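Colleague: A structural model of the following input is requested.
(one chain, ligands or ions: 2)
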Amino acid sequence: MSDDSRPSPAADPQASPVAAVIPAAGRGVRLGPGAPKALRSLNGTPMLVHAVRALAASRAVSLVVVVAPSDGAGEVKSMLDAHALPERTDVLVVPGGGTRQESVRLGLEALPPGHDVVLVHDAARPLVPVDTVDAVIEAVRGGAAAVVPALPLADTVKQVEPAGAPGAPEPVVATPDRSRLRAVQTPQGFDRATLVRAHKTVTGDVTDDASMVEQLGERVVAVPGHEEAFKVTRPLDLVLAEAVLARRRLNDGF
Ligand SMILES: Nc1ccn([C@@H]2O[C@H](COP(=O)(O)OP(=O)(O)OP(=O)(O)O)[C@@H](O)[C@H]2O)c(=O)n1
Ligand SMILES: C[C@](O)(CO)[C@H](O)COP(=O)(O)O
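Modeller: Ligands and ions are numbered 1, 2, ... in the order given. This is a model prediction of the structure:
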């Protein structure tokens, strides 16, 4: 449960309430065999519950639309109903699509009127701190059409060309200036009309929603992300996520 006593800079009663779309319909192929990724347990609680709680911890977020696997929306709704969530946050569950992009579009289509700021947040990033969520919201409310949380890189990045044969070394063709690169996370925040327009007009494969807004020619800005907002993608990430939860329990004294 979030700490509702915590004042949230994003909880401006005069500002438009914020809705969040949480794409949670992926299968988690890179995670290996098992339940769909969003339903995998982190210290006994499904990853998706952690993600919903992380966004609902922001006092500005009044609605969360969870985009579930198309054959499991009922199971996801029952699972969420069985877990404590902040009472001030409404949660809807809708079936997702074959790609992340399609799932987000389906989540957007389920939004009722009245939320001018929309967050899109991966269920696979269950531990994002509320300060990061609020920073994204504040930047959208400050006038940005699209906002991404992002971190500087800790590794050198190389651009490669496809290898000559499977398993062969890949020729390195460039080393971009790392200081100008960022690892982009979620929640990404948007002016709702801009995001809806992007999903209505932009085609082609993209890996995040901000890329679609860029293709509209709109400005996207980056705010500081957080290392705990990492994406659970491979098996080791589950270990890291549970370690982060354990550290939080120690820091919170229980
Ligand atoms: N058809 C899809 C594919 C992905 N997602 C969601 O998009 C987020 C980021 O995607 P990713 O980490 O790639 O999740 P998966 O697609 O499940 O992972 P994989 O590619 O390993 O199968 C996840 O919360 C995932 O549930 C979704 O809602 N619908
Ligand atoms: C949206 C995202 O989390 C931003 O970094 C990322 O692009 C999702 O990638 P995935 O391959 O769909 O997990």
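Colleague: for the nearest residue to E228 once chain neighbours are set aside, grab the count of nearby residues.
Modeller: Computed as Cβ to Cβ, 6 or more residues apart in numbering, the closest residue to E228 that is not its neighbour in sequence is L127, at 4.7 Å. Any C-beta I mention is one placed from the backbone N, CA and C, and that applies to glycine too. L127 has 21 neighbours, counted by other Cβ atoms under 10 Å.
Colleague: L127 and A54 touch, don't they?
Modeller: Yes: in this structure, L127 is within contact of A54 by Cβ atoms under 8 Å, at 6.6 Å.
Colleague: ok, back up a step: make sure the residue nearest to E228 is indeed in a helix.
Modeller: No: assigned with DSSP: H, G, I helix; E, B strand; the rest coil, L127 falls outside any helix and is coil.
Colleague: who's in contact with it?
Modeller: 50, 54, 228-230, 241, 244-245 (Cβ atoms under 8 Å, 6 or more residues apart in numbering).
Colleague: and it, backbone torsions?
Modeller: Main-chain torsions, L127, degrees, to the nearest 10: phi -110, psi 20.
Colleague: so how far is A150 from it?
Modeller: 17 Å (Cβ to Cβ, to the nearest Å).
Colleague: now swap in L39 and tell me
Modeller: 28 Å.
Colleague: ok, for the residue nearest the centre of the chain, nearest residue in space, not its chain neighbours?
Modeller: Residue closest to the mean C-alpha point of the chain, counted by Cα atoms, centre = their mean, is H121 at 2.1 Å. Nearest non-adjacent residue to H121, counting by Cβ to Cβ, 6+ apart: P187, 3.7 Å away.
Colleague: my read is that that neighbour contacts V120, right?
Modeller: Yes: if you go by Cβ under 8 Å, P187 and V120 touch, sitting 6.4 Å apart.
Colleague: these two: which is more packed in?
Modeller: P187 (30 against 25).
Colleague: so what's that one scoring on pLDDT?
Modeller: On pLDDT, P187 comes in at 99.
Colleague: what's near enough to touch it?
Modeller: 20, 55, 119-121, 128, 132-133, 136, 149.
Colleague: what comes up buried for stretch 238-247?
Modeller: Neighbour-count burial for stretch 238-247, counted by 16 or more other Cβ atoms under 10 Å, picks out 238, 241, 244-245.
Colleague: and what of stretch 127-134?
Modeller: Result for stretch 127-134 [16+ other Cβ under 10 Å]: buried residues 127-130, 132-134.
Colleague: about what we covered before: relative to A165, how far out is the residue nearest to H121?
Modeller: Distance from P187 to A165, by Cβ to Cβ: 41 Å.
Colleague: same thing with M212?
Modeller: Taking Cβ to Cβ, one finds M212 at 35 Å from A165.
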